[in-house]
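Visitor: show me how the following folds:
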Amino acid sequence: MIQQLFHNPDIYQIEVDLPDNPLKYLNSYVVKGKMHNLVIDTGFNRPECQKALFDGLQELDVDLQCTDLFLTHLHADHTGLVGAFATAGCPIYMHGIDYTYLKDSADGTTWRFTEQNFMREGMPAADIEKQFSNQARKYSPQINFSVKTVSDGDMVRLADTDFHVIHTPGHTKGLCCLYLPKQEIFFTSDHILFDITPNIQIWSNMRDALEQYLQSLDKVYQLPVQLALPGHRKGNISIAGRIDEIKEHHRNRLQEILDIVKTQPHMTAFEIAPHLTWSMRGKKWNEFPPTQKWFAMGETLAHIEYLVHHGRLAKEERNGVFLYALA
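Guide: Residues are numbered from 1 along each chain as shown. The predicted model follows:
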């Protein structure tokens, strides 16, 4: 589905279907200028996503020969089809940190780090093996492209329009949002989502992702916004109100973990995770699809890491596995 969201500049949204994924679809945004175009994010590297995106671009009469691509962050549902743009010679913009991580992921290094880490946190090997079908791994992009790196505070002229780059680490270390100050339009990517909560997990290249994410929310809290355009689902106007809700969600999750560990000390993260409140339509932990269990484990660990770094939890290693108790 294609929808025009704004005039001058002309901004369109293409819903890129994400089959068999609870996110449902990616919002790929197209900004059409007089001489040049901009595409923001792509969808997975799979035929269904490619058809949805490029049918939409064709309907909008977007010529890739005069089009730039901006990748907000490294996740495969946002970068998967970058190869088609690289082949067409499109300039590609991305934060250097996420680009480097994406390149390092090509040989499986970053996946192995997470797998080994999850095993030390109590996740059974059988659950690890089920992740080989994870869409983020299965439909990741081919790393055969170069980028023009962007940084916080940069102003980049794309589609005949001046975009401000806002670096908001947390969801990934290099996630960048785009902002149009004159029109007060904010492309929030996965930094702020309005009817689901962005996944915050642990990373090999980022210490205390949750703390950095909360700081990044504060960073944009007072940003004047008339139109917020998220990476998934529907947007809203009030980012401040949504930020308050997201921060409350994380406060509740942190308290949940403290309450669990208080009553059942010396548990692994994998043992803690099933006791947390998850939005899985009534499914019990053992009924979670493998990918959702993986994300839940990562989010549990991000909250545990925050509590350890802030002196609320104590971490102890026994027989190669980490256990947690109140500090």
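Visitor: quick one, strands of the stretch 51-200 of the chain?
Guide: For the stretch 51-200 of the chain, applying DSSP state E, counting those that start in this stretch gives strands covering 67-70, 92-95, 148-150, 155-158, 161-167, 176-180, 185-189.
Visitor: now those strands in CSV, with mean pLDDT and mean neighbour count?
Guide: Yep, even glycine has a C-beta here, placed from its N, CA and C like the rest. Output for the strands of the stretch 51-200 of the chain, formatted as CSV (pLDDT from 0 to 100; neighbours: other C-beta atoms under 10 Å):
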stretch, mean pLDDT, mean neighbour count
strand 67-70, 98, 24
strand 92-95, 98, 24
strand 148-150, 98, 17
strand 155-158, 98, 15
strand 161-167, 98, 19
strand 176-180, 98, 23
strand 185-189, 98, 27
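Visitor: of all the ones you listed, which lies closest to S279?
Guide: strand 185-189 (19.9 Å; C-beta to C-beta).
Visitor: which SSE is immediately downstream of the closest one?
Guide: Reading on from strand 185-189 to the C-terminus, the next helix or strand found by DSSP states H and E is helix 209-220.
Visitor: what helices or strands is the helix or strand just after that following helix leaning on?
Guide: As assigned by DSSP H and E, the chain's next helix or strand after helix 209-220 is strand 227-230. Under the contact definition 3 or more C-beta pairs under 8 Å, 6 or more residues apart in numbering; DSSP states H and E, strand 227-230 sits against strand 2-6, strand 25-32, strand 185-189.
Visitor: run through who's touching the helix or strand that comes right after strand 227-230.
Guide: Using DSSP H and E, the helix or strand that follows strand 227-230 in sequence is helix 239-263. If you take C-beta atoms under 8 Å, 6 or more residues apart in numbering as the criterion, helix 239-263 is touched by 186, 188, 192, 194, 197-198, 200, 210, 214, 217, 220-223, 225, 228, 236, 267, 272, 275-277, 299-300, 303-304, 306-307, 312-313, 324-326.
Visitor: now distance to L38 too, for the strands of the stretch 51-200 of the chain, in a markdown table please.
Guide: Listed next are the strands of the stretch 51-200 of the chain as a markdown table, based on distance: least, C-beta to C-beta, whole Å:
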| stretch | distance to L38 |
| --- | --- |
| strand 67-70 | 5 |
| strand 92-95 | 9 |
| strand 148-150 | 13 |
| strand 155-158 | 4 |
| strand 161-167 | 8 |
| strand 176-180 | 9 |
| strand 185-189 | 10 |
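Visitor: which one of these lies closest to Y101?
Guide: strand 92-95 (9.8 Å).
Visitor: name the strands paired with the closest one and say parallel or antiparallel.
Guide: Strand pairing for strand 92-95, using DSSP bridges, gives strand 67-70 (parallel), strand 148-150 (parallel).
Visitor: I304 in helix, strand or coil?
Guide: helix (DSSP: H, G, I helix; E, B strand; the rest coil).
Visitor: list the contacts for it?
Guide: Contacts of I304 by C-beta under 8 Å, 6+ apart are 257, 269, 272, 313, 324.
Visitor: so which of these is the most crowded?
Guide: A269 (26 neighbours; other C-beta atoms under 10 Å).
Visitor: P91: which of the contacts of I304 is nearest?
Guide: Among those, and counting by C-beta to C-beta, the member closest to P91 is A269, at 41.5 Å.
Visitor: which one is that closest one nearest to, not counting chain neighbours?
Guide: E121 (4.1 Å; C-beta to C-beta, 6 or more residues apart in numbering).
Visitor: what do you get for G153?
Guide: Nearest non-adjacent residue to G153 (C-beta to C-beta, 6+ apart): V165, at 6.8 Å.
Visitor: relative to P9, how far out is that neighbour?
Guide: Plainly put, V165 is 17 Å away from P9 if you go by C-beta to C-beta, to the nearest Å.
Visitor: what does T67 give?
Guide: 14 Å.
Visitor: which residues touch the worst-scoring helix or strand of the chain on mean pLDDT?
Guide: Taking mean pLDDT, DSSP states H and E as the measure, helix 135-138 is the helix or strand of the chain with the lowest mean score, a mean of 74. Contacting residues not belonging to helix 135-138 are listed as 18, 20-21, 44, 75-77, 111, 131, 291 [C-beta under 8 Å, 6+ apart].
Visitor: give me every residue that touches the residue nearest to G153.
Guide: 150-156, 176-179.
Visitor: kindly recompute the last result at 10 Å.
Guide: Residues near V165 by C-beta atoms under 10 Å, 6 or more residues apart in numbering: 70, 93, 95, 150-156, 176-179.
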